[in-house]
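K.L.:
here is my input, please return the structure:
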Amino acid sequence: GKFWEERVHPEDRERVVSGIDRALAGTNSEWSDEYRFLRQDGAYAHVQDKGHILRDAAGKALRMIGGISDFTERARAEEALRESESRFREMAENIKDVFYNFDAATGRVLYISPSYAEIWGRPVSNVYESAGDYLEGIHPADRESLLRTYGSHVPTETEYRVVRPNGDISWVLGKAFPILNHGKVERIVGTVRDITDGKRVLEALRESERHLTNVLDNLPGMAYRCLLNSNWTMRFVSEGALALTGYHSDELVDNALVSFGSLIRREDRDRILNTASRPAMARRSAYGSGGVFSRTERAQRVTSRASSWMSRPGKTPRRIAKGSRPRLTSWPRS
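P.N.:
Numbering: from 1, shown residues only. Below is the predicted model:
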């Protein structure tokens with residue numbers, strides 16, 4: 001009647017009324033629809049209306065009986081889910097990382113973000129048709145180890161290579177997170193990030209370090225970087241340390257076996273430390289000489305030129321220096 005029709009939401013009214021009219025004019029005995037209905041408190045409820053049409057022998061509709069059920073909470077949950085999925089897709093489709101969601105049982109790709117096409121160099125539609133497209137793009141040497149991580153029940157992080165159809169190779173960092181259901185992996189969600197540029201920078205840095213180490217190890221005397229404290233705690237020592245002190249560089253770094261300070265002749269320790277500390281705030285160079293004992297207990301006089309700097313305000317000064325060729329003496333150790 002008019003009371004019911006007026007309480008149907010204006011945006012739904014024409015659709016619902018027309019649907020009822022068509023159902024009554026037709027031959028079906030059932031009708032149903034969902035719409036918004038005005039409640040007494042002025043708010044609209046989401047309802048589902050189902051009706052059974054009674055007809056005479058000629059098929060003419062006599063009346064319709066039915067019931068209305070309120071599913072407002074379900075409708076709100078569905079709307080919240082749609083909004084959440086929309087925000088997720090907006091995020092996933094606008095980041096450079098690949099985001100994926102696999103069905104662990106079937107291997108079917110439930111979702112993969114558009115960045116897949118950029119990193120893999122393959123159409124996204126391919127991987128929806130067959131998850132094998134994803135695996136075919138992984139370097140053969142990395143494929144088996146990656147597949148093992150997908151069987152894990154805990155999150156994993158793996159670096160591997162992706163080979164594009166044109167032969168270009170990229171390094172990527174994959175993070176996989178298993179979704180468990182009663183202890184069984186149901187789905188695998190994860191991300192893949194292109195780290196090729198970072199790998200190149202890291203390799204260039206390592207090559208630079210190798211070159212610097214080679215240069216320092218072939219300098220006369222000993223090159224070092226240390227903290228200005230009574231132990232002269234070494235952070236780096238060139239292999240020239242072996243000829244000067246009889247100790248390998250790794251035995252001196254961080255006082256692993258012996259501190260360099262303990263090798264300096266006692267009579268020279270305070271004077272050398274004071275000389276070294278004076279230019280620390282001014283970024284100047286300092287010269288000093290003194291006796292250094294070797295592993296064989298022979299003392300050698302060495303001359304050092306060093307530069308000091310503060311790593312941060314108020315922190316311990318750090319020093320980088322190179323010792324000269326030693327002159328052997330016969331001082332006793334004190």
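K.L.:
and residue 35, how many residues sit next to it?
P.N.:
Residue 35: 20 surrounding residues under other C-beta atoms under 10 Å. Where you see a C-beta, it was placed from the backbone N, CA and C, and this is true even at glycine.
K.L.:
in what helix or strand does it lie?
P.N.:
strand 30-38 (DSSP states H and E).
K.L.:
with only the CA atoms kept, save whichever helix or strand comes after that strand in PDB.
P.N.:
Later in the chain than strand 30-38, the nearest helix or strand by DSSP H and E is strand 44-55. Provided in PDB are the C-alpha atoms of strand 44-55 (Å, rounded to 0.1, in the frame of the first residue of the first chain):
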ATOM      1  CA  TYR A  44      17.000   3.300   7.000                       C
ATOM      2  CA  ALA A  45      17.300  -0.500   7.600                       C
ATOM      3  CA  HIS A  46      18.600  -2.800   4.900                       C
ATOM      4  CA  VAL A  47      15.900  -5.400   4.400                       C
ATOM      5  CA  GLN A  48      15.200  -8.500   2.300                       C
ATOM      6  CA  ASP A  49      11.600  -8.900   1.200                       C
ATOM      7  CA  LYS A  50      10.300 -12.200   0.000                       C
ATOM      8  CA  GLY A  51       6.700 -12.800  -1.300                       C
ATOM      9  CA  HIS A  52       4.700 -15.800  -2.500                       C
ATOM     10  CA  ILE A  53       2.100 -15.000  -5.100                       C
ATOM     11  CA  LEU A  54      -1.300 -16.800  -5.000                       C
ATOM     12  CA  ARG A  55      -3.000 -17.100  -8.400                       C
END
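K.L.:
residues contacting strand 44-55, please?
P.N.:
Applying C-beta atoms under 8 Å, 6 or more residues apart in numbering, the contact partners of strand 44-55 are 9, 16, 20, 23-24, 28-39, 61-72, 74-76.
K.L.:
in that strand, what's buried?
P.N.:
For strand 44-55, the neighbour count (16 or more other C-beta atoms under 10 Å) marks 45-47, 49, 51, 53 as buried.
K.L.:
ok, of the residues you listed, which one's closest to residue 131?
P.N.:
residue 46 (38.0 Å; C-beta to C-beta).
K.L.:
check what pLDDT the closest one gets.
P.N.:
At residue 46, the model reports a pLDDT of 89.
K.L.:
same question, residue 240
P.N.:
Per the predicted model, pLDDT is 82 at residue 240.
K.L.:
next one: it from residue 234, what distance?
P.N.:
13 Å (C-beta to C-beta, to the nearest Å).
K.L.:
strands of the stretch 1-150 of the chain, start to end?
P.N.:
With strands called from DSSP state E, counting those that start in this stretch, the stretch 1-150 of the chain shows them at 30-38, 44-55, 61-70, 98-103, 109-112.
K.L.:
could you dump the ones you listed to TSV with distance to residue 255?
P.N.:
Shown next, in TSV, are those (distance: least, C-beta to C-beta, whole Å):
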stretch	distance to residue 255
strand 30-38	77
strand 44-55	73
strand 61-70	76
strand 98-103	47
strand 109-112	52
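K.L.:
hang on, the earlier thing: what sits up against the strand holding residue 35?
P.N.:
The contact list for strand 30-38 (C-beta under 8 Å, 6+ apart) reads 7-9, 11-12, 15-16, 19-20, 23, 44-53, 64, 66, 68, 71.
K.L.:
could you do stretch 195-203 as well?
P.N.:
Against stretch 195-203 from outside (C-beta under 8 Å, 6+ apart): 159, 170-173.
K.L.:
give the buried residues for that stretch.
P.N.:
residue 199.
K.L.:
off-centre distance for it?
P.N.:
In terms of C-alpha atoms, centre = their mean, to the nearest Å, the gap separating the centre of stretch 195-203 from the centre of its chain is 15 Å.
K.L.:
one more: stretch 57-76?
P.N.:
53 Å.
K.L.:
and what of stretch 238-258?
P.N.:
Offset of stretch 238-258 from its chain centre (C-alpha atoms, centre = their mean): 38 Å.
K.L.:
mean confidence score for stretch 149-161?
P.N.:
For stretch 149-161, mean pLDDT is 88.
K.L.:
which of the contacts of strand 44-55 are buried?
P.N.:
16, 20, 23-24, 31, 33, 35-37, 61, 64, 75.
K.L.:
what's the burial count for residue 249?
P.N.:
Residue 249 - counted by other C-beta under 10 Å - has 22 other residues nearby.
K.L.:
just give the nearest non-adjacent residue to it, would you?
P.N.:
Ranked by C-beta to C-beta, 6 or more residues apart in numbering and with sequence neighbours excluded, the top spatial neighbour of residue 249 is residue 237, at 4.0 Å.
K.L.:
thanks again, I'm all set now.
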